[in-house]
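>>> got a predicted structure here, sequence first:
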Amino acid sequence: MKSTILKNHILHFAAMFVVLIAGLSFVSCASESGEDQEASPIVDTWMSQGSSTGIYYMVFTEYKQYFVTTDLKDPNKNSEIGSYSFANNKLTCNPKGKSQKVYNCVITGSRMRLTPSSGNEGVKEFIRYTPSSAAKRVTHVQP
């Protein structure tokens, strides 16, 4: 009888331990201050389309920083660096050493259109940039 009671206590202790570990695992996965929030749709690298100044890129990071460049591999080619905010289809860029720029921003799939809120700048069109090295190469096609 004593061994049956001891076995029951051990099983009860083991079951409580499993419940404790499961509870701690669940709590540790819970969001802390928006940690699990979905990334903003603007966070990406965008390549200009149909620009009279040639191809350039706008890169928006998850840390609310952005830069404009003509060469993604050379940081010396950055023509603009700053911070940004994006909410309700309104993009506000705060470039270092320049005046603030505000755009109406529409993102549809892999396309982005920036329409200036004021000034004489024209509409800017972009597509999500995917480096060609990231594309899968087909080396053999089966008949």
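That came in fine, so what should we check first?

>>> gap between the residue most central in space within the chain and Tyr63?
Ranked by distance to the mean C-alpha position of the chain (C-alpha atoms, centre = their mean), the top residue is Val43 at 4.0 Å. Remark: distance between Val43 and Tyr63 (C-beta to C-beta, to the nearest Å) = 9 Å. Any C-beta I mention is one placed from the backbone N, CA and C, and that applies to glycine too.

>>> swap in Ala39?
Taken as C-beta to C-beta, the span from Ala39 to Tyr63 is 11 Å.

>>> next one: Pro131
Taking C-beta to C-beta, one finds Pro131 at 21 Å from Tyr63.

>>> try Ser52
Distance of Ser52 to Tyr63, given as C-beta to C-beta: 31 Å.

>>> so where do the helices sit in the chain?
Ranges of helices within the chain are 2-29, based on DSSP state H.

>>> in it, what secondary structure element scores lowest on mean pLDDT?
When each helix and strand of the chain is scored by mean pLDDT, DSSP states H and E, helix 2-29 comes last, with a mean of 66.

>>> residues near Phe86, how many?
Residues within reach of Phe86, counting by other C-beta atoms under 10 Å, total 19.

>>> again with Ser117
Counted with other C-beta under 10 Å, the neighbours of Ser117 add up to 13.

>>> I'd say it and Cys93 touch.
No - counting by C-beta atoms under 8 Å, Ser117 does not reach Cys93; the two are 11.2 Å apart.
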